[in-house]
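Colleague: Need a 3D model of the sequence below.
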Amino acid sequence: MEHPRTETPTKEALLKTITFAVPCYNSTAYMDHCVETLLACGEDIEILLVDDGSTDGKSGALCDALAREHPDCIRVLHKPNGGAGDARNAALPLAQGDYVLFLDSDDSYTPEAFAVLSAALEALAPDVCYFGLRMTGDNDGAVFTDDLPLRTPLTLPETPALLLNRPSACIAAWRRTLFTDTDIRFRARGWGEDLCMTRKMLTAARSVVILPDVLYLYRQHEGSVTKRALDANAEIMDAIDDVLTWYQARGLFEQYENELGKLCVDNVLYDASVRILKAQSTHPLLPQLLDFTAARFPDYRHNPYLKGYPARKKLVLSLLGKKQYRAVHMLFAAAGH
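Modeller: Next comes the predicted model:
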């Protein structure tokens with residue numbers, strides 16, 4: 001359903017290399033710093049601040065103030081609350097850049113990010129360009145990069161393991177025409193909004209490049225939308241089911257069955273179960289997570305990707321498969337988690 005929305009008036013938009021789409025919801029604590037890092041990127045950018053129905057009486061006004069201060073590169077869209085995915089979807093029709101980057105309003109980039117990324121986009125002209133992430137806040141210093149060929153154009157048919165790289169939409173530059181030429185969009189709400197869009201969009205990308213550089217600074221704190229109640233782990237089943245149904249409808253399921261199976265095992269059976277069992281020894285969702293995985297991938301235990309798991313992860317999966325949830329809880333408790 002189309003949301004009623006208001007957009008700040010601007011000069012005639014000039015084509016830019018990069019559009020930064022930034023959903024904002026009650027986010028005054030970090031928004032100034034976030035926007036500062038983007039403004040430091042130079043003139044060849046535009047920033048779309050999407051006020052997603054903020055209720056604090058301040059965030060929407062701050063967005064407007066920033067746009068008045070920087071009218072040549074900042075535009076604001078005010079809309080009713082719909083979640084981060086819905087806010088990103090709302091920004092896409094307004095984007096003018098050759099590439100779109102999605103940024104959470106409490107995150108930022110490293111000082112060298114724009115120069116590194118611009119050079120790669122100009123030299124390699126990929127449809128999708130991934131880069132590394134470093135955690136700040138609760139997990140300060142943790143770095144995440146992808147174990148795939150670097151600075152080399154890849155395609156999904158040639159490199160199915162692309163389906164297994166990190167699912168965040170924020171750690172890549174996306175050619176804008178990927179969105180204008182397809183109907184692939186974010187899920188409006190819930191865990192897995194990024195996973196659904198990114199796993200689908202890889203089928204449309206003609207060239208994917210992965211940079212070794214850590215450019216994105218992800219702030220995790222008690223207010224982060226990624227820290228949710230245990231019951232919310234059910235949302236990841238909906239997200240994975242969405243991806244599997246999408247691949248099946250396009251006749252791609254068998255081609256990528258091992259990769260999709262690993263996605264399901266990792267995100268549903270392992271990650272969701274472990275998040276619960278680190279906190280408590282039982283939960284009604286636990287058998288549902290196992291049943292979901294086994295129903296969609298009856299032979300999941302023999303997936304070739306699982307052979308490469310560390311011994312500890314293999315042990316946890318074995319215990320989960322036998323519904324020995326208390327044993328898993330005690331295992332993590334003994335390790336101090």
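Colleague: all strands in this protein, in order from the N-terminus.
Modeller: For the chain, the strands defined by DSSP state E cover 6-7, 18-24, 45-52, 74-79, 99-102, 108-109, 128-137, 143-144, 172-175, 208-220.
Colleague: any low-confidence regions in this structure?
Modeller: 1-15, 137-141, 221-228, 337 (pLDDT under 70).
Colleague: all helices for it, in order.
Modeller: 28-39, 59-69, 84-91, 113-124, 177-180, 193-201, 234-249, 257-264, 273-279, 285-296, 311-321, 325-334 (DSSP state H).
Colleague: do you know which of the ones you listed lies nearest N303?
Modeller: Ranking the helices of the chain by their distance to N303 (criterion: C-beta to C-beta) puts helix 257-264 first, at 4.7 Å. Where you see a C-beta, it was placed from the backbone N, CA and C, and this is true even at glycine.
Colleague: what sits up against that closest one?
Modeller: 160-161, 163-164, 195, 199, 240, 243-244, 247, 253, 292-293, 296-297, 300, 303-306 (C-beta atoms under 8 Å, 6 or more residues apart in numbering).
Colleague: So M237 versus Y247, what's the distance?
Modeller: Separation of M237 from Y247 (C-beta to C-beta, to the nearest Å): 16 Å.
Colleague: how many other residues sit next to the residue lying closest to R185 once chain neighbours are set aside?
Modeller: The shortest distance from R185 to any residue other than its chain neighbours is 4.9 Å, reached at N89 (C-beta to C-beta, 6 or more residues apart in numbering). By other C-beta atoms under 10 Å, the residues close to N89 number 22.
Colleague: Contact partners for N89?
Modeller: By C-beta under 8 Å, 6+ apart, the neighbours of N89 are R185, F186, A188.
Colleague: So which of those residues wins on neighbours?
Modeller: Ranked by neighbours (other C-beta under 10 Å), the contacts of N89 are led by F186, which has 22 neighbours.
Colleague: Return the residues in contact with it.
Modeller: A84, G85, D86, R88, N89, A169, E193, D194, C196, M197.
Colleague: May I ask which of the residues you listed has the most neighbours?
Modeller: For these, neighbours tallied by other C-beta under 10 Å; top is R88, 27 neighbours.
Colleague: Torsion angles phi and psi at the residue nearest to that one when sequence neighbours are not counted?
Modeller: Nearest non-adjacent residue to R88, counting by C-beta to C-beta, 6+ apart: F186, 5.1 Å away. Main-chain torsions, F186, degrees, to the nearest 10: phi -80, psi 150.
Colleague: any idea how far G308 is from the residue nearest to R185?
Modeller: Going from N89 to G308 by C-beta to C-beta gives 36 Å.
Colleague: Leaving out sequence neighbours, find the closest residue to K313.
Modeller: What sits nearest to K313 in space, not counting adjacent residues and going by C-beta to C-beta, 6+ apart, is Y270, at 6.9 Å.
Colleague: Likewise for V243?
Modeller: Nearest to V243 is R199, by C-beta to C-beta, 6+ apart, at 5.0 Å.
Colleague: E259 now?
Modeller: L163 (4.1 Å).
Colleague: For that neighbour, which residues are in contact?
Modeller: Going by C-beta under 8 Å, 6+ apart, L163 touches L156, R199, L202, Y256, E259, L260, L263.
Colleague: ok, for the third one, nearest residue in space, not its chain neighbours?
Modeller: On the basis of C-beta to C-beta, 6+ apart, the spatially nearest residue to L202 that is not a chain neighbour turns out to be L156, at 4.8 Å.
Colleague: Counting neighbours, what do you get for the one you found?
Modeller: 21.
Colleague: any chance you could read off phi and psi for it?
Modeller: Phi and psi for L156, reported as degrees, to the nearest 10, are phi -60, psi -40.
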